[in-house]
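*Asks:* Take a look and give me a structure for this.
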Amino acid sequence: MIKALDFIVLALYFLLMYWLSVQSSMPAPMWFDFQDKLYHVGAYFVMALLVWRALRGLFGSPIIVVFLSIVFCGLFGILEEWHQTSIVGRNADIFDWLADLFGSVSAMLFLYVLKKRAEKKGGV
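*Replies:* Residues are numbered from 1 along each chain as shown. This is a model prediction of the structure:
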């Protein structure tokens, strides 16, 4: 049941991301240049954590789960950018995709640091 819930939460997050990407403009005010890149980093940080959570336990090697999480998020980001070329008021931006990748990789590094801290505290 828990594993199914992980995939349901991930699917709902994908739907949210899709809904946001079809908007002609984002519903958030822009206070400074490149603020949208921070949104991309944050959104894909969360997405990578959700993908990792859904995939963990399905593969024997944690490194494979990390790799697949980053690749999956990267591919989703490419598809999202391409899709935005057909939305009035939106465009594709390689820097948005790089921010997506940065968020995904950052999430996996965050998990790595958490794991190392837990091992250190546990004396492993």
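*Asks:* Which residue, other than its chain neighbours, is closest to the residue nearest the centre of the chain?
*Replies:* Residue closest to the average C-alpha location in the chain (C-alpha atoms, centre = their mean): residue 44, at 2.4 Å. Closest residue in space to residue 44, ignoring its immediate chain neighbours: residue 103 at 3.3 Å, by C-beta to C-beta, 6 or more residues apart in numbering. Any C-beta I mention is one placed from the backbone N, CA and C, and that applies to glycine too.
*Asks:* which ones are touching residue 90?
*Replies:* Taking C-beta atoms under 8 Å, 6 or more residues apart in numbering, we find residue 90 in contact with 21, 23, 24, 84.
*Asks:* Of these, which belong to helices?
*Replies:* 21, 84 (DSSP state H).
*Asks:* most surrounded residue in the contacts of residue 90?
*Replies:* Within the contacts of residue 90, neighbour counts (other C-beta atoms under 10 Å) peak at residue 84, which reaches 17 neighbours.
*Asks:* Assess the claim that that one and residue 91 are in contact.
*Replies:* Yes: Residue 84 is in contact with residue 91 according to C-beta atoms under 8 Å; the separation is 6.4 Å.
*Asks:* Report the buried residues of the longest helix anywhere in the chain.
*Replies:* Longest helix in the chain, counting residues (DSSP H): helix 94-122. Neighbour counts over helix 94-122 (16 or more other C-beta atoms under 10 Å) mark 96, 97, 99, 100, 101, 103, 104, 105, 107, 108, 111 as buried.
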